[in-house]
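> One predicted model, sequence on top.
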Amino acid sequence: MKKIIVFFLCFTGINFAQNPVFTHVFTADPSPHVWPNDPDKLWVYTSHDEPGSNNHYGMTGYHAFSTTDLVNWTDHGRILHLENVNWAESHAWAMDAAYYRDKYYLVYCMKEAGIGLFRTGIAVSDVPQGPFNDLGYVKGVEFGQDPAIFIDDDGTPYLFWGHDRKCFAAELNADLMSIKPETYVELTSQLKYVFEGPWVHKRKGKYYLTYPGLTPRRWPEKMFYAVADNPLGPYEFKGTFIDDFEGQSGTNHGGTVTYKGKDIMFYHSAWLSGGLSETRNVMADYLQYDKNGDIIPIVPSKEGLGLAKRTKTTLHLEAENGFAAGGELYNVNVDTWIKGYSGKGYVTNFDNPYDHVYMLAQVAKKSKYRLKVRYASPEGDSNHDVLINSYKYNNFIFPQSKEFTVIDFGIVELKEGDNLVRIFKRNWKPSKGPFALDYIELEQVFESEN
Ligand code: FUB
């Protein structure tokens, strides 16, 4: 009977797949979190693979995703990029995030300019969706690839990092900008097969350190774990909990989170790229433990979290984020006097012809999206051009609206890779009063919905 149902679902176009979780953009190294001030929302921070790249050398930035139901996701766009980090030259590899003393932090690794060695960078934001502002790199960390930050219940921050068959850890000072040298430990010998990517979570008073590793001389990576009574060890090696699986990537990497009472493991595979093993996508499966507290191995499945609805993502791009999110604000300003905006404000003062804002939408392949624009135009209709890459949607009139309102612009097509969505003032038709652009959304449209 089960086979008949699966056949029916596959061949009627109804697809309840939950894995890969994000199907519109290539993502890797997921870092999942529920922030203490908003237990209803799950956040996943990821690195980003360029379409068709099939290697990690050209990775340049990070994304943030959120959901309240594990089915409908928001991609908040690019949250940090190499261009925003003046000490770095390349390799925006794995990262983690933390909520610490009322601020959100992104802890990431990039290669230092002129030196070419990995550093562990720290960036900060007032809001979980970023964009994040780089603060510099963490002092005392050498070869700082694949950082993970763990804040213990008593508020003590710890940093873990690892690369090339080694793993290290230390307590961080309160500003997160340096480690306490006296706490530095090398954990390598306690973590059999370790290669990189450590991640720590706590359960029932025990510290679980999960990591991608290699059995002798053998790629691809499997996921292993070890358990300790203290964050800095000593750790007892336990074994593998994500073995080889069909469609896996050469690498694996991830973390676990407890969301609405369930433990979920986020990791990555190469299912979306159709055979390019290093162009990756985020996966999610429940993480379960036996009565001894040992992790029950995960077998990656298409059903994933099994919620009987396929995951769907909407890109939500705040107009005011500008350069920090891969966009541009040209001769316009960010303001806040019209109430009801989302994010930190809205973009206004489109006074001269061609004054514009553009926002960056990164997608994995050419596909259709429903474009929605949230704006206000309190004193009359506004004439603006909307341009997606070089395709111009002419003569668009945003009807008068005293308050922020969402207008459905219909279906648009995005190309593989980076797309620029520009909204700019028409050069010949005057608009009445100020025009305020709050955000745009691009909602995934599946073939069966066309
Ligand atoms: O995503 C780039 C690198 O691949 C990460 O830093 C490693 O952990 C591996 O997943």
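The structure has been received and is ready for your questions.
> Now do the same contact list for residue 434.
348, 349, 377, 378, 379 (CB atoms under 8 Å, 6 or more residues apart in numbering). The C-beta positions use only the backbone N, C-alpha and C, and glycine is treated the same way.
> Please enumerate the strands of the stretch 51-200 of the chain.
61-67, 72-81, 88-90, 95-100, 103-112, 118-125, 133-137, 148-151, 157-163, 166-171, 185-186, 199-203 (DSSP state E, counting those that start in this stretch).
> Would you reformat these as JSON lines and include mean neighbour count, mean pLDDT and distance to residue 290?
Putting those into JSON lines (neighbours: other CB atoms under 10 Å; pLDDT from 0 to 100; distance: least, CB to CB, whole Å) gives the following:
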{"stretch": "strand 61-67", "mean neighbour count": "23", "mean pLDDT": "98", "distance to residue 290": "28"}
{"stretch": "strand 72-81", "mean neighbour count": "24", "mean pLDDT": "98", "distance to residue 290": "31"}
{"stretch": "strand 88-90", "mean neighbour count": "17", "mean pLDDT": "98", "distance to residue 290": "43"}
{"stretch": "strand 95-100", "mean neighbour count": "23", "mean pLDDT": "98", "distance to residue 290": "27"}
{"stretch": "strand 103-112", "mean neighbour count": "23", "mean pLDDT": "98", "distance to residue 290": "32"}
{"stretch": "strand 118-125", "mean neighbour count": "22", "mean pLDDT": "98", "distance to residue 290": "34"}
{"stretch": "strand 133-137", "mean neighbour count": "17", "mean pLDDT": "98", "distance to residue 290": "40"}
{"stretch": "strand 148-151", "mean neighbour count": "23", "mean pLDDT": "98", "distance to residue 290": "24"}
{"stretch": "strand 157-163", "mean neighbour count": "25", "mean pLDDT": "97", "distance to residue 290": "25"}
{"stretch": "strand 166-171", "mean neighbour count": "22", "mean pLDDT": "98", "distance to residue 290": "25"}
{"stretch": "strand 185-186", "mean neighbour count": "14", "mean pLDDT": "98", "distance to residue 290": "29"}
{"stretch": "strand 199-203", "mean neighbour count": "21", "mean pLDDT": "98", "distance to residue 290": "12"}
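> I'd like to know which of these is closest to residue 267.
strand 199-203 (9.9 Å; CB to CB).
> What is that closest one packed up against?
With contacts taken as 3 or more CB pairs under 8 Å, 6 or more residues apart in numbering; DSSP states H and E, strand 199-203 sits against strand 148-151, strand 157-163, strand 206-215, strand 255-259.
> Distance to the ligand for these - can I get that in TSV?
Putting those into TSV (distance: least, CB to the nearest ligand atom, whole Å) gives the following:
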stretch	distance to the ligand
strand 148-151	10
strand 157-163	8
strand 206-215	6
strand 255-259	11
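> Would you convert those into CSV that also reports distance to residue 185?
Shown next, in CSV, are the helices and strands packed on strand 199-203 (distance: least, CB to CB, whole Å):
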stretch, distance to residue 185
strand 148-151, 14
strand 157-163, 10
strand 206-215, 12
strand 255-259, 20
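> Perfect, I'm done here.
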